[in-house]
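> What shape does this take:
(3 chains)
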Amino acid sequence: MQALDIPRRSDVPQIAAGILVRLRAQTPRVHCITNTVAQNFTANALLAVGALPSMTTSLEEIGEFVAHTQALLVNLGTFDGERRKAVTIALDTAKKNKIPWVLDPVLIDRSPLRAIFAREMTVRGPQALRLNHVEFSTLSGTSPVPDALSLYAKDHKVVVGLSGASDFVTDGSRLATLANGHPWMAKVTGMGCVASALTAACLAVESDAWRATATALLLLGIAGEVAAVQTKGPGSFAAAIIDALANLDGATIIERARVT
Amino acid sequence: MQALDIPRRSDVPQIAAGILVRLRAQTPRVHCITNTVAQNFTANALLAVGALPSMTTSLEEIGEFVAHTQALLVNLGTFDGERRKAVTIALDTAKKNKIPWVLDPVLIDRSPLRAIFAREMTVRGPQALRLNHVEFSTLSGTSPVPDALSLYAKDHKVVVGLSGASDFVTDGSRLATLANGHPWMAKVTGMGCVASALTAACLAVESDAWRATATALLLLGIAGEVAAVQTKGPGSFAAAIIDALANLDGATIIERARVT
Amino acid sequence: MQALDIPRRSDVPQIAAGILVRLRAQTPRVHCITNTVAQNFTANALLAVGALPSMTTSLEEIGEFVAHTQALLVNLGTFDGERRKAVTIALDTAKKNKIPWVLDPVLIDRSPLRAIFAREMTVRGPQALRLNHVEFSTLSGTSPVPDALSLYAKDHKVVVGLSGASDFVTDGSRLATLANGHPWMAKVTGMGCVASALTAACLAVESDAWRATATALLLLGIAGEVAAVQTKGPGSFAAAIIDALANLDGATIIERARVT
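You can find the predicted model right below:
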């Protein structure tokens, strides 16, 4: 017999508060193959939550870096020849060392070749896929509605974290809808890249990829709201969101989270 | 009989106000081949005026990106082998698709080879050339006085946008002198690169390259003045100029413009 | 007979004040082979103290750039194939033109190959080596205690600038201990890279490498303290430390310096 349908608060905020504590205690290494536009902002966001970023794409070095990291980000922005080869080495190393990784298929709507490469990457088993509406449509051939996200997640055995006016996080059976955030987040270059990097950071301390992905998007959304009230445009906002991530605590998360 | 020489206000501020409205309404794509130092700042400046930046230099991808962009920037900073090849593909694609482009010959005074490459680029027909005094002298072999700029513009069928204490914009027949700006603009890395990227953005919505170039330099100069009064050094100024670009409106442009 | 052991203030603050005046008067060129993560922040820090940064790693161009620079930084972050080859050209040019250079062996603890390369670089005679505790341990095989630093400096004829809670600068005979700084400096990506770039800038105007290195670390430490009181997190702090470097003057240096 099924339980009564008593509405209850999502437990994602409590989960997120716990993961943030672990991030700061464990200071995990997160290696990022990411685009040159977003590298600096991404590294500062990772430092703000307690993680230790590294970003080399050198073919001689990346195997060593990935072997000793706790999570990996593969972001397809400014995807040059070296990055393409680096990804192969990085994923082989991650598989061998059981290191979780996140795929961010940046701008695949703009390049058919990049879209093909992204589809090949999904077969290699990322724990999470963090992307926006048009990127999901390009990747899956379907609209980014919750049912389609859920189906995709189930079929591909991956957690989908979709960023937008509301964020959706699903593993095919669980769905979190996150209403935090601020419009200026879409006016700062690399904000999606940061969301993916934070997802990797959370995966470094939380083996449930759905919990990790929902936490990353929640932390960033709340930080965006906090930052927006203190600033007057997207330039100062970009600095303030790093401040907000660094100052975020469990009480603020519980108080501000709008998760269903 | 010639008209009486009644002094009249330049119509550049009104033109700029109109172009800014179109930028925000049309949100054009602007592809930037630009240096790794300035990429983040440039992308945020483009987003602040309403444009959508992309920055890949991957040889496999750049043709697709440029084919579907509304304007192109070719900036010669940190000009590595991949960028050199990427430029050729990008310009062939731009020509085929009639996409306007801007040349920014960064630091050609420091590298004879880069200066030669820049001269080859000018033959390929950029709509606008955005540069500083020493770069113009290196490129043209003449001093950057208005008459020399005008002659160069006429000979090369290009709009010259010269940044300095005052900016000059000429197509050989029209000359705008822009007195807006702030000394801190010379203390922020990539400010010239941003001026060139904004020129590309304006070209995406305005086919008269003189109007587009004058608008870009005016918007940035006014944003610099607004930002300077709110900050106390070049670091916070760099964030504030993005805020100012994002908050800029027609009334502020008309009120603050110092154009002759 | 030995002089009485009268305690006296270090003369490093006065030296630093003088070097800062010369930096602003001479505006030396500083070429940086540095990682893509830190390029923008590094360039703005150099501009803030009066230096003129350039950052190309193009093999065709770097010889020309280095030949006409006043100091060189070799930072091993995001060390790709092009950077590896660029370093060789740059160091050959620096040797021929007697241009001082700084080695920053970023993250050599993470990559055995990078550590080997760094050791090869030390043989090529940098004037200064700027690094953190774990990097020194990896490079030297010894703990980063003052005696070990001093021995290393003497053996390798190099000034060692060690960043940490306190900074140590030694050439084997002189030792400065610098207690300025702020914990947020460890939360901003590229802060160590900036310390190394400022060391190069100081070497451009001061031939005594111990004085140059101590000055760079002191200027940055004091700027960090000034910036911290004005900001509430590492994001706004990163902008404020550029402001503080730009506004730094001799009186503030003398007043705030904690050097023994």
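
> remind me which residues of the stretch 1-150 of chain A are low pLDDT?
Along the stretch 1-150 of chain A, the model assigns pLDDT under 70 to residues A:1-9.

> and the stretch 51-200 of chain A, which of its residues are near chain B?
Within the stretch 51-200 of chain A, the positions lying close to chain B (CB under 8 Å from any CB of the partner chain) are A:77-81, A:107, A:110-114, A:187-190. For the C-beta atoms, the positions are set from N, CA and C on the backbone; glycine is no exception.

> Enumerate the residues of chain A near chain C.
Proximity of chain A to chain C is assessed by CB under 8 Å from any CB, with A:36, A:39-40, A:43-44, A:47-48, A:53-61, A:64-65, A:68, A:82, A:236, A:238-247 identified as the residues in range.

> Can I have the buried ones of the residues you listed as a ChimeraX selection?
Here is the ChimeraX command that selects the buried residues among the residues of chain A next to chain C (16 or more other CB atoms under 10 Å in any protein chain shown):
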select /A:36,39,40,43,44,47,48,53,54,55,56,57,58,60,61,64,65,68,82,236,238,239,240,241,242,243,244,245,246
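
> which two from the residues of the stretch 51-200 of chain A next to chain B end up farthest apart in space?
Across these, the two members that end up farthest from each other (CB to CB) are A:G81 and A:K187, 31.0 Å apart.

> more neighbours, the two?
The residue with more neighbours, out of A:G81 and A:K187, is A:K187; 19 against 11, by other CB atoms under 10 Å in any protein chain shown.

> Contacts only, for the residue nearest to the more buried one when sequence neighbours are not counted.
Residue nearest to A:K187 in three dimensions, not counting chain neighbours: A:P234, with 4.0 Å by CB to CB, 6 or more residues apart in numbering or on different chains. Neighbouring residues of A:P234 by CB atoms under 8 Å, 6 or more residues apart in numbering or on different chains: A:184, A:187-188, B:44, B:47-48, B:242-243, B:246.

> cool, and A:I15?
A:211, A:214-215.

> so which of these is the most crowded?
Neighbours here are counted as other CB under 10 Å. On that basis the top member of these is A:A214, with 33 neighbours.

> And the next helix or strand past the one helix or strand that one maps to?
A:A214 is part of helix A:209-228 when elements are defined by DSSP states H and E. For helix A:209-228, the succeeding helix or strand toward the C-terminus, using DSSP H and E, is helix A:234-247.

> Can you pull up the most central residue in chain A?
Residue closest to the mean C-alpha point of chain A, counted by CA atoms, centre = their mean, is A:S196 at 2.4 Å.

> In terms of helix, strand or coil, where does that residue fall?
Three-state assignment for A:S196 (DSSP: H, G, I helix; E, B strand; the rest coil): helix.

> what residues are up against it?
Shown in contact with A:S196 (CB under 8 Å, 6+ apart): A:73, A:75, A:102, A:104, A:130.

> Please repeat the previous calculation with a cut-off of 10 Å.
By CB atoms under 10 Å, 6 or more residues apart in numbering or on different chains, A:S196 lies in contact with A:32, A:34, A:38, A:42, A:73-75, A:102-106, A:128-131, A:161, A:163, A:190, A:213, A:216-217.

> in the stretch 51-200 of chain A, which spans are strands?
Taking DSSP state E, counting those that start in this stretch as the test, the strands found in the stretch 51-200 of chain A are A:52-54, A:71-75, A:101-104, A:128-132, A:159-163, A:167-170, A:175-178.

> Let me know which of these is tucked in deepest.
Comparing the strands of the stretch 51-200 of chain A by mean neighbour count (mean count of other CB atoms under 10 Å in any protein chain shown), strand A:101-104 comes out on top with a mean of 30.

> Can you list the strands that that one pairs with?
According to DSSP bridges, strand A:101-104 has the following sheet partners: strand A:71-75 (parallel), strand A:128-132 (parallel).

> Between helix A:209-228 and the first one, find me the angle.
If you take axes from the mean of the first three to the mean of the last three CA atoms, to 10 degrees, strand A:71-75 sits at 70 degrees to helix A:209-228.

> cool, and the last one?
With the same axes, to 10 degrees defining the directions, strand A:128-132 sits at 40 degrees from helix A:209-228.

> got the angle between strand A:128-132 and strand A:159-163?
Put simply, strand A:128-132 runs at 20 degrees to strand A:159-163, going by the same axes, to 10 degrees.

> Convert strand A:128-132 to CSV, retaining C-alpha atoms only.
What follows is the C-alpha trace of strand A:128-132 in CSV, where atoms were taken according to Å, rounded to 0.1, in the frame of the first residue of the first chain:
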residue,chain,number,x,y,z
ALA,A,128,26.9,13.6,-14.7
LEU,A,129,26.1,15.6,-17.8
ARG,A,130,25.7,19.4,-17.1
LEU,A,131,24.3,21.4,-20.0
ASN,A,132,21.7,24.0,-21.1
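
> need the contacts of A:P234 in a markdown table with distance to C:R258, can you?
Compiled in a markdown table, those are given as follows (distance: CB to CB, whole Å):
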| residue | distance to C:R258 |
| --- | --- |
| A:W184 | 40 |
| A:K187 | 41 |
| A:V188 | 37 |
| B:N44 | 37 |
| B:L47 | 42 |
| B:A48 | 41 |
| B:I242 | 36 |
| B:D243 | 36 |
| B:A246 | 41 |
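
> how about the helices in chain A?
Remark: helices assigned in chain A by DSSP state H are A:12-26, A:39-49, A:62-67, A:81-96, A:112-123, A:133-140, A:146-156, A:191-205, A:209-228, A:234-247, A:250-256.

> what's the spacing between the longest one and its chain's center?
Distance of helix A:209-228 from its chain centroid, counting by CA atoms, centre = their mean, to the nearest Å, is 9 Å.

> again, but for the fifth one
A distance of 18 Å separates the C-alpha centroid of helix A:112-123 from that of its chain, computed with CA atoms, centre = their mean.

> quick one: A:A239 from C:T231, how far?
When CB to CB, to the nearest Å is the yardstick, A:A239 and C:T231 sit 9 Å from each other.

> Common neighbours of these two, please.
Where contact means CB under 10 Å, 6+ apart, the residues bridging A:A239 and C:T231 through contact with each are B:236, C:237-240.

> In terms of distance to chain A, which of the residues you listed ranks first?
Of all the shared contacts of A:A239 and C:T231, the one with the least separation from chain A (CB to the nearest CB) is C:A239, at 5.6 Å.

> From what I see, that closest one and B:D243 are in contact.
No: under the criterion of CB atoms under 10 Å, C:A239 makes no contact with B:D243, lying 12.0 Å away.

> intersection of neighbour lists for these two?
Residues touching both C:A239 and B:D243 by CB under 10 Å, 6+ apart: A:235-236, A:238, B:231.

> check contacts around the residue lying closest to A:L131 once chain neighbours are set aside.
Taking CB to CB, 6+ apart as the measure, A:L131 lies nearest to A:P105, with 5.6 Å between them; neighbours along the chain are not counted. Contacts were defined as CB under 10 Å, 6+ apart; by that measure A:P105 touches A:74-77, A:114-115, A:117-119, A:121-122, A:129-132, A:135-136, A:138-139, A:196.

> Please identify which of the contacts of A:I15 is nearest to C:Y152.
So of the contacts of A:I15, ranked by how close each gets to C:Y152 (CB to CB), first place is A:T215, at 43.7 Å.

> Spit out the contact partners of the closest one.
A:12-13, A:15-20, A:23, A:49, A:169, A:176, A:198-199, A:201-203, A:205-206, A:208, A:253.

> Try it again at 8 Å.
A:T215 makes contacts with A:12, A:15-16, A:19-20, A:202, A:206, as judged by CB under 8 Å, 6+ apart.

> Same question for A:I253.
With contact set as CB under 8 Å, 6+ apart, A:I253 has these partners: A:13, A:16-17, A:20, A:218-219, A:222.
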